[in-house]
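In: below are the sequence and a predicted model for it; my questions follow.
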Amino acid sequence: MFAPHHASYDGVMKISTPTPSSRSDELLKRGIDRLNAEQYTLAEALFREILVQDPQHVDAWHQLGVALARQKRYAEGEQAIRQALSMGESGPLQRDLAWTLLWQGRDNEAIAAYFAAINLGVREARMFNNVGNLLKKRNDATHAEAAYRAAIEIDPGYALAHGNLAMVQQDAGQYEAAEASLRRALELEPKSAHFWQCYGGLLERLNRLDEADEAYCRGGRWESAQYVRRRVAHWRDLDKIDQAALEMVATGAAENLTPWGLLGIPALTPGLHRDAGRRFAQSRWRGELAAPPLVARGAGLAEALAAWEAGARLRIGYLSSDFYEHATLRLLAGVLELHDPARFDIHLYSYGETVPDAAWRERLAALPATLHEMGALTDAQAAAKIAHDGIHLLVDLKGYTTGTRLAVTALRPAPAIVSWLGYPGSLGEPRLADYLIGDAMVTPSATAPFYSETLALMPHCYQPNDHRRQCGRRPSRAEAGLPERGFVFCSFNQTFKLNAQMASVWCRLLVATPGSVLWLLDPGSERAQANLNDFFEANGVARTRVIYAKRLPQEAHLARLQLADLALDTLPTGSHTTGSDALWTGVPMVSALGSLFAGRVGASLLHAVGLEALVARDLDAYFQIALALASDPAWLAQIRKRLARAKADAPLFDTARFTRDLERLFVAIVAREAKGGEGGGSEGPVVVKR
């Protein structure tokens with residue numbers, strides 16, 4: 001996963017100083033000098049002094065608007081500039097009006113104002129760059145590219161336009177052209193952390209991970225460097241890079257810092273993770289967060305609740321790009337099928353690409369839900385669609401994962417917004433979600449201060465399971481590439497979740513269990529596999545005892561997974577859907593409690609199947625539990641029997657019970673919002689009791 005990129009806007013221009021000919025002109029000159037010196041409050045006072053003497057002073061109204069906008073008082077700035085425009089049309093006035101509209105999230109009006117400025121003769125590279133960014137947000141890549149090229153034609157040395165052009169080219173799959181544009185941007189600004197981040201992201205997308213690592217390090221983008229190194233199991237010197245990344249989070253040194261990529265850092269705290277989310281949101285969706293909400297929080301929910309109690313339906317919307325093929329949504333399929341259509345009107349808002357999976361599409365089409373394809377819509381259009389549909393509670397299923405469109409929730413298209421399932425942590429920005437669905441294990445009430453959302457707790461486990469999942473025919477050990485004999489430890493987590501501390505524990509287990517093997521998911525990288533092999537060999541484990549499983553379709557993977565004897569969880573980020581997969585196929589899992597939501601999911605899963613004894617307090621206890629299971633066939637057989645019985649009645653696998661609990665939680669959220677409940681956990685979590 002490469003770091004998400006957001007287009008960079010450039011600010012209003014430096015102001016030219018007029019020739020003074022009066023008291024007002026002298027004040028105007030001083031005010032503009034203060035503006036250019038970034039002394040905005042003083043500049044504002046000087047412009048207001050002019051207007052007291054001369055309320056019709058066009059330049060004073062104009063520059064007052066600029067001063068207010070630079071203080072992030074965009075609505076006031078807009079009013080001042082419109083006052084100036086009422087006295088006469090001007091290209092610079094339209095240009096600066098567009099700037100105030102842009103940061104209020106009023107993209108269409110901003111584009112219109114920019115084009116008005118262009119038609120009035122303004123030709124500035126920075127303005128065309130901003131136009132390109134707005135057009136890119138509207139999915140108008142062709143005209144966005146033309147705008148960036150116009151900026152470059154006006155100012156060939158304008159690095160930001162070269163960088164933004166590269167992002168359009170990258171999105172279009174023109175990777176060679178994108179690399180050339182980024183190299184040009186770096187020639188112009190070789191110390192730009194932003195451009196090195198973008199270049200590293202492109203190289204990561206192209207799977208040129210060594211080069212991506214170098215690019216990130218050259219730009220001091222330590223949070224991305226550590227993520228790439230974890231993807232290839234390059235664990236040397238990670239402590240120093242991790243520390244530098246966390247310092248960037250703590251100091252706010254890098255706004256566009258992807259929160260998901262931090263989850264592999266052992267020293268990451270819930271508070272720092274929340275803060276990273278807040279800064280990321282505020283840098284990427286500043287305009288949307290500043291825009292007036294499409295729907296006021298809680299609006300109409302009292303009436304909706306009263307109608308629901310009288311027999312009407314609550315309208316629930318799910319927002320995601322993954323409705324067609326994704327592990328998380330495959331877990332959710334059973335819930336979507338079992339929603340009560342008499343009480344809940346379910347809408348699925350999809351902005352992902354469809355895939356030719358006929359069976360899955362057939363199942364999706366049969367759901368008691370209305371599917372809305374929104375991939376071709378802009379964020380503003382998608383938000384307007386949801387608002388028009390009158391959704392009472394909107395559930396975002398992506399958070400800060402690849403392909404997210406949280407700009408939609410930033411525009412507030414529903415009176416209650418919930419974050420669930422895709423992203424294990426706080427979004428950090430209260431406007432993006434009012435509630436986060438967890439449970440008493442992953443998000444205990446005591447952790448509420450580390451969330452910008454109010455916690456909404458499911459009674460057993462926050463993660464659903466699909467009761468209709470099929471395992472397929474169990475292959476032979478030889479067919480799966482496993483030896484005929486020997487205990488099989490497994491961990492099918494992504495390579496970035498592994499680390500030296502965790503792997504050292506696994507080495508101890510393999511050494512203490514003669515003839516055993518470790519079954520890992522193929523990392524998809526020769527370098528990653530070589531690094532893992534070198535690590536295990538250096539810790540006394542022969543390379544032949546570490547076996548890599550090729551990636552398979554879900555049903556085939558579940559079939560082979562039955563051959564494992566024991567699944568091993570990871571920290572600081574643990575097994576999520578991979579943990580559910582193991583338990584569903586009858587394979588016990590050993591876990592340990594982490595400090596993050598992402599490191600407590602395995603414990604939640606085990607509690608929900610009645611195997612809390614397999615949750616260790618620390619990694620030493622984790623080792624002892626795993627070794628005992630591997631050394632005591634009778635105990636392991638007993639655990640497996642309990643797990644087999646749990647498949648029939650445990651809360652984790654009871655999709656119908658889970659769905660009813662989820663519906664009760666949705667109603668409880670609506671009831672709180674109908675009474676004016678606020679986020680941030682100040683009133684305690686919303687809890688659905690067992």
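Out: Perfect, I can see it now.

In: any idea how far apart the tips of stretch 154-162 sit?
Out: Terminal residues of stretch 154-162 lie 12 Å apart, using CA to CA, to the nearest Å.

In: which positions in it come out as buried?
Out: Of the residues in stretch 154-162, 154, 158-162 count as buried by neighbour count, 16 or more other CB atoms under 10 Å. (Glycine included, C-beta is placed from N, CA and C.)

In: could the residues you listed go into a markdown table alongside secondary structure, pLDDT and distance to Ile241?
Out: Output for the buried residues of stretch 154-162, formatted as a markdown table (DSSP: H, G, I helix; E, B strand; the rest coil; pLDDT from 0 to 100; distance: CB to CB, whole Å):
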| residue | secondary structure | pLDDT | distance to Ile241 |
| --- | --- | --- | --- |
| Ile154 | helix | 98 | 40 |
| Tyr158 | coil | 97 | 32 |
| Ala159 | helix | 98 | 26 |
| Leu160 | helix | 97 | 27 |
| Ala161 | helix | 98 | 31 |
| His162 | helix | 98 | 28 |
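
In: and these, which is closest to Asp649?
Out: Nearest to Asp649 out of the buried residues of stretch 154-162 is Leu160 (CB to CB; 59.5 Å).

In: ok, now which ones touch that closest one?
Out: With contact set as CB atoms under 8 Å, 6 or more residues apart in numbering, Leu160 has these partners: 8, 10, 126, 129, 185.

In: could you list the low-pLDDT ranges of the stretch 401-550 of the chain?
Out: Along the stretch 401-550 of the chain, segments meeting pLDDT under 70 are nowhere present.

In: circling back: now the contacts of Leu160 in CSV, with secondary structure?
Out: Listed next are these as CSV, based on DSSP: H, G, I helix; E, B strand; the rest coil:
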residue, secondary structure
Ser8, coil
Asp10, coil
Arg126, helix
Asn129, helix
Ala185, helix
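
In: let's have those residues in JSON lines, adding distance to Ala556, neighbour count and pLDDT.
Out: Formatted as JSON lines, these follow (distance: CB to CB, whole Å; neighbours: other CB atoms under 10 Å; pLDDT from 0 to 100):
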{"residue": "Ser8", "distance to Ala556": "44", "neighbour count": "19", "pLDDT": "68"}
{"residue": "Asp10", "distance to Ala556": "51", "neighbour count": "19", "pLDDT": "72"}
{"residue": "Arg126", "distance to Ala556": "53", "neighbour count": "20", "pLDDT": "95"}
{"residue": "Asn129", "distance to Ala556": "49", "neighbour count": "27", "pLDDT": "97"}
{"residue": "Ala185", "distance to Ala556": "44", "neighbour count": "25", "pLDDT": "98"}
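
In: domains for this structure, by residue range?
Out: 192-284, 301-467+659-687, 488-653 (automatic domain parsing).

In: now those in CSV, with distance to Ile32 and mean neighbour count?
Out: Shown next, in CSV, are the domains of the chain (distance: least, CB to CB, whole Å; neighbours: other CB atoms under 10 Å):
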stretch, distance to Ile32, mean neighbour count
domain 192-284, 28, 21
domain 301-467+659-687, 34, 20
domain 488-653, 50, 19
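
In: can I get those in JSON lines including distance to Trp61?
Out: Shown next, in JSON lines, are these (distance: least, CB to CB, whole Å):
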{"stretch": "domain 192-284", "distance to Trp61": "29"}
{"stretch": "domain 301-467+659-687", "distance to Trp61": "29"}
{"stretch": "domain 488-653", "distance to Trp61": "50"}
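
In: which one, of these, ends up nearest to Gln56?
Out: Of all these, domain 301-467+659-687 comes closest under CB to CB, at 36.0 Å.

In: can you give me the end-to-end span of the closest one?
Out: Using CA to CA, the end-to-end distance of domain 301-467+659-687 comes to 19 Å.

In: before we move on, what about stretch 431-450?
Out: 16 Å.

In: now swap in stretch 310-324 and tell me
Out: Its start and end residues considered, stretch 310-324 measures 35 Å (CA to CA).

In: now that stretch: mean pLDDT?
Out: Average pLDDT, stretch 310-324: 92.

In: please compute how far it lies from its chain's middle.
Out: Here stretch 310-324 shows a centroid-to-chain-centroid distance of 20 Å under the convention CA atoms, centre = their mean, to the nearest Å.

In: could you do stretch 103-111 as well?
Out: 24 Å.

In: likewise for stretch 433-452?
Out: Using CA atoms, centre = their mean, the offset of stretch 433-452 from its chain centre is 17 Å.

In: next: stretch 253-273.
Out: For stretch 253-273, the distance to the chain centre is 12 Å (CA atoms, centre = their mean).
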